[in-house]
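Sequence first, predicted coordinates after that:
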Amino acid sequence: MDDCNLGPSDGKSVGVTSKTSEWEISQISPNVQIQGQTRHTWNMADASKEVVQVALHSNGRPIQADLQVWIGPDWTPVTIHAKSEDGSEYPIQTLIGTRNKAANLEVMNTGPYTMPVKAAVSYAIDPLANARDDLANDSTVEGQYMEGGSIHNLAFAPNINQLQILLKTEGKKLNARVELLNGPSNVKASLEVFTNNGALNSLFVVFDTPGAGNAIVVKNLATLEYPCEMYAKASEVETVNSDGDGGVNWGQ
């Protein structure tokens, strides 16, 4: 059966395979509603797969959540703190690696009880399952080297409706935050990652970027000796045809 049914006693949802390579939350997996100050865990037990697709939405309220991968009883190789001002307009969309091990992925809603979150978690399918490597190896994308403590700002055109961001290292720890801004100091969504290996657990984020005036700010929160690389590419671009009709082109 392809549903995220709760186990008989452990309260975990089984790890299913996504039905979409995009971000329609209804197709990623059966949705789980997580109330404020509660958590839900998915059992990602297929060691032949490595990339897990995570989407968090709300009915328009803010999102505050911690995403963690657990391998074994006491090892948490990656933690992501996620926030969104409006989980309907700016959902949280990310890929998380399990290092090809049986793992549990936990979503903890750290917001108050008045801010429930709708979550979908599943193994990603192609081409999304290879999106991290594809972006890092894309000859049309120039990576930005960032020393520890540095900040990089990226403005982009208003016709970009969706943007992919990748942060990775050569194997050292990764401690960085990426923010989507709309206007000065107006943070719409942010994800902060900490992992002991930014090659095995890079941060891959897909931001929906409606309207104009959007920008990305990336902060390497680690000390000087822990650099990272940042890659960015539009994945949905709105175009205007010669006859004046609008359309959407999806990046590959």
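Looks like it arrived, so ask away.

which residues in the stretch 1-150 of the chain form helices?
25-28, 131-136 (DSSP state H, counting those that start in this stretch).

tell me the mean pLDDT for the first one?
The reference is to helix 25-28. Averaged across helix 25-28, the pLDDT comes to 96.

And the top strand by length along the chain, what's buried?
For the chain, the strand with the greatest residue count under DSSP state E is strand 228-240. Within strand 228-240, the residues scored as buried using 16 or more other C-beta atoms under 10 Å are Cys228, Glu229, Met230, Tyr231, Ala232, Lys233, Ala234, Ser235, Glu236, Val237. (Glycine included, C-beta is placed from N, CA and C.)

Show me what that strand packs onto, helices and strands only.
helix 131-136, strand 144-146, strand 160-168, strand 214-220, strand 246-250 (3 or more C-beta pairs under 8 Å, 6 or more residues apart in numbering; DSSP states H and E).

one step back: any chance of the helices of the stretch 1-150 of the chain in JSON lines, with distance to Thr223 too?
Below are those laid out as JSON lines (distance: least, C-beta to C-beta, whole Å):
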{"stretch": "helix 25-28", "distance to Thr223": "36"}
{"stretch": "helix 131-136", "distance to Thr223": "23"}
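
Need the ones you listed in TSV (columns: mean neighbour count and distance to Gln68).
Output for the helices of the stretch 1-150 of the chain, formatted as TSV (neighbours: other C-beta atoms under 10 Å; distance: least, C-beta to C-beta, whole Å):
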stretch	mean neighbour count	distance to Gln68
helix 25-28	17	19
helix 131-136	18	19
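
among those, which is nearest His152?
Counting by C-beta to C-beta, His152 lies closest to helix 131-136 out of the helices of the stretch 1-150 of the chain; the figure is 15.9 Å.

pLDDT averaged over the closest one - what is it?
So the average pLDDT for helix 131-136 ends up being 98.
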